[in-house]
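Visitor: how would this look folded up:
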Amino acid sequence: MGLQIENLGHSTLRVKLGSLDVLTDPFLTRSAGGVPRVVPPACSPEEVSPQLVLVSHAHYDHLDLKTLKRIPSEFVVVTPENCGKVLKEWEVVELKPFTSFTFGDVKVTLVPARHNRGRNLLHPDTGVGGFVLEWSGLTVYFAGDTAFSEHLYLSISERFKVDIALFPIGGFMPFFRRFHQTPEEAVKGFKILNARWLIPIHYGSWHVIPFLVKRERALERLLSYSYISNVSDKVVVLGTGSCWSLEK
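Guide: Below you'll find the predicted structure:
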């Protein structure tokens, strides 16, 4: 069996690595932090059965407790530091930057991200990060949510030969550039990594200010800039509910 990536909406992906089912940044309900989705998720929490859940940070649109409570399978959650206190009902593995956790035949490494910490006033210090998954000769980088940083991407490229970059491209308007990269910056980061494929995430379904989802034109800008940058053949666009497979 090979690798399969299914876009469930926003930053929630079902990543199958052989027999292992991984879910990223679980958010499969109709709203996060009281803000409704613009596009519904591809499925309900009852329709997924991960063994491993990766949480890049504790913001409501990346860690939706309602989603986790409705998932029928047993799973382990991997997070950056200080997120475990939000996840008291589950088995949690907290990682520091560039430390790893092995689950079956998959090695999971937490990497840094440039994003704002905290979940709410009760939990202001929950950490942030991304994850690199190494499995059967393939390397997948799930960036979670991050602003552009040449230093960040160089530090990752020096340690890993990334095959697939799952990169956020939305949420940067009107004044969130400090914590979110633009589509053009995503392409620049992809080129620094020298990865084989770029799969855009975190666009088109949810925003703190919902009407900006369409105003950002995130996917249109990504496709345009990737063409100008001569990497358009490396961009894989997955609509909500779509899958992409890669044999070993």
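Visitor: I'd guess Glu185 is in a helix, am I close?
Guide: Yes. Assigned with DSSP: H, G, I helix; E, B strand; the rest coil, Glu185 falls within a helix.
Visitor: Please tell me how far the residue nearest the centre of the chain sits from Leu63.
Guide: By Cα atoms, centre = their mean, the mean C-alpha position of the chain lies nearest to Gly144, the distance being 3.4 Å. Note on Gly144: its distance to Leu63, by Cβ to Cβ, to the nearest Å, is 11 Å. In short, each C-beta sits where N, CA and C put it, glycine included.
Visitor: Pull the residues that contact the helix or strand where Lys69 lies.
Guide: Using DSSP states H and E, Lys69 sits within helix 65-70. The contact list for helix 65-70 (Cβ atoms under 8 Å, 6 or more residues apart in numbering) reads 26-29, 44-46, 53, 77, 86-87, 89-90.
Visitor: Quick one: distance of the following helix or strand past it to the chain centre.
Guide: Toward the C-terminal end, the helix or strand that comes next after helix 65-70 (DSSP H and E) is strand 76-80. Relative to its parent chain, strand 76-80 has a centroid offset of 13 Å by Cα atoms, centre = their mean, to the nearest Å.
Visitor: buried sites along strand 76-80?
Guide: For strand 76-80, burial by neighbour count (16 or more other Cβ atoms under 10 Å) applies to Val76, Val77, Val78, Thr79, Pro80.
Visitor: Run me through the strand neighbours of it, direction for each.
Guide: Using DSSP bridges, strand 76-80 pairs in its sheet with strand 52-54 (parallel), strand 91-95 (parallel).
Visitor: Next up, the contacts around Glu185.
Guide: Contacts for Glu185 were tallied using Cβ under 8 Å, 6+ apart; they are Ala147, Phe148.
Visitor: try it again with 6 Å
Guide: Phe148 (Cβ atoms under 6 Å, 6 or more residues apart in numbering).
Visitor: Same check on the one 10 residues further on?
Guide: For Ala195, the contact set (Cβ under 6 Å, 6+ apart) comprises Val162, Ala165.
Visitor: oh, and call the first residue 436 from now on, that's how I've got it
Guide: Understood, numbering begins at 436; the last thing we discussed is Ala630.
Visitor: what's the distance between it and Val671?
Guide: Counting by Cβ to Cβ - Ala630 and Val671 are separated by 11 Å.
Visitor: again with Leu498
Guide: Taking Cβ to Cβ, one finds Leu498 at 26 Å from Val671.
Visitor: so what pLDDT did Lys683 get?
Guide: Note on Lys683: pLDDT of 66.
Visitor: do Glu585 as well
Guide: The model's pLDDT for Glu585 equals 98.
Visitor: so which of the contacts of helix 500-505 comes closest to Pro603?
Guide: Among the contacts of helix 500-505, Phe462 lies closest to Pro603 (Cβ to Cβ), at 13.3 Å.
Visitor: who's in contact with that closest one?
Guide: Phe462 neighbours (Cβ under 6 Å, 6+ apart): His445, Thr447, Asp496, Asp499, Thr502.
Visitor: Over to Phe538?
Guide: Phe538 neighbours (Cβ under 6 Å, 6+ apart): Leu487.
Visitor: ok, now how distant is it from Val527?
Guide: For Phe538, the distance to Val527 - Cβ to Cβ - is 13 Å.
Visitor: what does Glu569 give?
Guide: 21 Å.
Visitor: And for Pro475?
Guide: From Pro475 to Val527 the distance is 28 Å (Cβ to Cβ).
Visitor: Same check on Phe625?
Guide: Relative to Val527, and taking Cβ to Cβ, Phe625 is found at 31 Å.
Visitor: more crowded one of the two?
Guide: Phe625 (25 against 17; other Cβ atoms under 10 Å).
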